[in-house]
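> just to be clear, the model below is a prediction. Sequence and coordinates:
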Number of protein chains: 2
Amino acid sequence: MPPTRRRVETLRRLHEAALAVFAAEGFGRASVEQVCERAGFTRGAFYSNFASLDELFLAMWADRSQALLEDLRRALEAADTAQVTTARDVVELVDAAVGLDDVWYRVTAEFTAHALRTPGLREVVAAREDAIAGTLTPVLVSFLRRVGRAVPDPRALALALVAVHDGTTVQCLVEPDDPAARRRRLDLFEAVVLAYTTPGGDA
Amino acid sequence: MPPTRRRVETLRRLHEAALAVFAAEGFGRASVEQVCERAGFTRGAFYSNFASLDELFLAMWADRSQALLEDLRRALEAADTAQVTTARDVVELVDAAVGLDDVWYRVTAEFTAHALRTPGLREVVAAREDAIAGTLTPVLVSFLRRVGRAVPDPRALALALVAVHDGTTVQCLVEPDDPAARRRRLDLFEAVVLAYTTPGGDA
DNA sequence: CGTATCGGATACGGTGCCGTATCGAGAGTG
DNA sequence: CACTCTCGATACGGCACCGTATCCGATACG
């Protein structure tokens, strides 16, 4: 049974309101009540769609990561290989497509911490992150091959990039006005790409 | 005026209780009331020592990071240079000294996210992280020189290592039973050390 | 040993949020 | 157009936490 129009709209409003509340209060301090008030619903509406804020967040996360990876895939496919030749070019391209999302970073970081202390949730997060890395890997590998780099251990590269992304995102956000942080982030990405690839692709 | 004995003991109990509560509930959901109950005090006691949980956490963080850096410094000074020659050895040594602290990671991650959305706090966190990197840098550089690596840009290396530490810690904690995650973490550390240093020290 | 101060206890008034059981309007359906 | 059932609204009972003003006993100190 496909969701009705009415329900789709309700979910949309709840997602939007939840993101705003999570951003303002933090995931931990956000209440069902606040989300509902912002969305213009009563709590009854919330509980007839989700059992908890955890569940709502997981739905949002699934949407979000899928959209992000899709954007990235499109950006890489559309890229002109003549213009993108060095590892640095690749890094800048990916960075431009992914960007630095202040709000989203904070919310996922808090949720991850929350999941780490909540037994059933840890596995769910692990699975989701695994799926993200799994989707990222082929996109990345095929693009690197196009620009002349082979990837001996694609999974290791994907996870390393995710780790670097997370770690440097914090640093950039903590020093929001410091262009050096952004530059250091790109440098580190570049070093990792070079360390995890070898010359030898289609270029 | 130095703090009295009584006060010192009170602070110790509050720190300890707070860590336990933060670990169990998350920083965001921890309440002053829970901390006090666990420490065996009333809320009055709390408020005559701290204005807020933020303030308490900052005190704990200062203690903790100082102790950790001190441990690391001692471990590196005590290391036998004959046994530690490659970048890999350095990485394993540092990793052993720093370790993976589940609880502490979660709490700092949540607090950092909280600080990012709280204007006055963001600068405080930035300053603290800056101080940590600043303390780490000379220790690291002098040790790397002893094992034969020069560091062209020490600050960049220190920040890169902190980023990698943060990013890979999450991955290791999300997959707690996967030794591959630990191995990948060390690999990434090694790659970064190699990329940010050049041959040429005292060795 | 007396006294000043420090620091934890007590008490108060007040707010926000929880999750469920139930109902009824309006969207979906033939 | 009438029927059905989904889904959001209403209403209920209940708990946890907040931050302050005040008090009084322990402790440090001359």
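Right, received. Where do you want to start?
> which helix or strand contains the spatially closest residue to residue A:97 that is not a sequence neighbour?
Using Cβ to Cβ, 6 or more residues apart in numbering or on different chains and skipping the chain neighbours, the partner closest in space to residue A:97 is residue A:75 (3.9 Å). In this view, the C-beta of every residue, glycine as well, is placed from N, C-alpha and C. Element membership of residue A:75 [criterion: DSSP states H and E] is helix A:53-78.
> list the helices and strands that helix packs on?
Packing partners of helix A:53-78 (3 or more Cβ pairs under 8 Å, 6 or more residues apart in numbering or on different chains; DSSP states H and E): helix A:5-25, helix A:32-39, helix A:87-98, helix A:102-116, helix A:119-146.
> and for the third one, what are the contacting residues?
When you say that, I think you mean helix A:87-98. A:68, A:71-72, A:75-76, A:79, A:83-84, A:143-144, A:147, A:149, A:165, A:185-186, A:189-190, A:193-194, A:197 (Cβ atoms under 8 Å, 6 or more residues apart in numbering or on different chains).
> in chain A, which residue sits closest to DNA strand D?
residue A:44 (2.8 Å; Cβ to the nearest atom of the strand).
> now residue A:158: how far from residue A:88?
19 Å (Cβ to Cβ, to the nearest Å).
> in the helix holding residue A:75, what's buried?
Buried residues in helix A:53-78, counted by 16 or more other Cβ atoms under 10 Å in any protein chain shown: A:53-54, A:56-61, A:64-65, A:68-69, A:72-73, A:75-76.
> now it: average pLDDT?
Averaged over helix A:53-78, pLDDT sits at 96.
> residue A:158 and residue A:88: which is more packed in?
Between residue A:158 and residue A:88, residue A:158 has the larger neighbour count (other Cβ atoms under 10 Å in any protein chain shown), namely 22 against 15.
> and that one, how far is that from residue A:97?
From residue A:158 to residue A:97 the distance is 15 Å (Cβ to Cβ).
> on that earlier part again, the helices and strands packed on helix A:53-78 into a markdown table, with extra columns for distance to DNA strand D?
Formatted as a markdown table, the helices and strands packed on helix A:53-78 follow (distance: least, Cβ to the nearest atom of the strand, whole Å):
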| stretch | distance to DNA strand D |
| --- | --- |
| helix A:5-25 | 3 |
| helix A:32-39 | 7 |
| helix A:87-98 | 33 |
| helix A:102-116 | 16 |
| helix A:119-146 | 21 |
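> among these, which comes closest to residue B:127?
helix A:102-116 (19.3 Å; Cβ to Cβ).
> can you tell me which residues contact the residue in chain A that chain B sits nearest to?
Nearest residue of chain A to chain B: residue A:28, at 2.1 Å (Cβ to the nearest Cβ). Residue A:28 sits next to A:110, A:114, B:26-29, B:110 when contact means Cβ under 8 Å, 6+ apart.
> quick one: contacts for the spatially most central residue of chain A?
In chain A, the centroid-proximal residue (Cα atoms, centre = their mean) is residue A:65; its distance is 5.1 Å. Neighbour list for residue A:65: A:128, A:132 [criterion: Cβ under 8 Å, 6+ apart].
> quick one: pLDDT of residue A:40?
97.
> oh sorry, the question was meant for residue A:158
Taking residue A:158 on its own, its pLDDT is 97.
> can the helix or strand encompassing it be said to contact chain B?
Per DSSP H and E, residue A:158 falls inside helix A:154-174. Yes - residues of helix A:154-174 are located near chain B by Cβ under 8 Å from any Cβ of the partner chain, namely A:156, A:159-160, A:162-168, A:170-171, A:173-174.
> helices or strands up against that helix?
By 3+ Cβ pairs under 8 Å, 6+ apart, helix A:154-174 packs against helix A:102-116, helix A:119-146, helix A:179-196, helix B:102-116, helix B:119-146, helix B:154-174, helix B:179-196.
> over to residue A:101: give its phi and psi.
The phi/psi pair for residue A:101 (degrees, to the nearest 10) reads phi -110, psi 100.
> how close does it sit to residue B:195?
27 Å.
> ok, now residue A:132?
Applying Cβ to Cβ to residue A:132 and residue B:195 gives a distance of 25 Å.
> lovely, talk soon.
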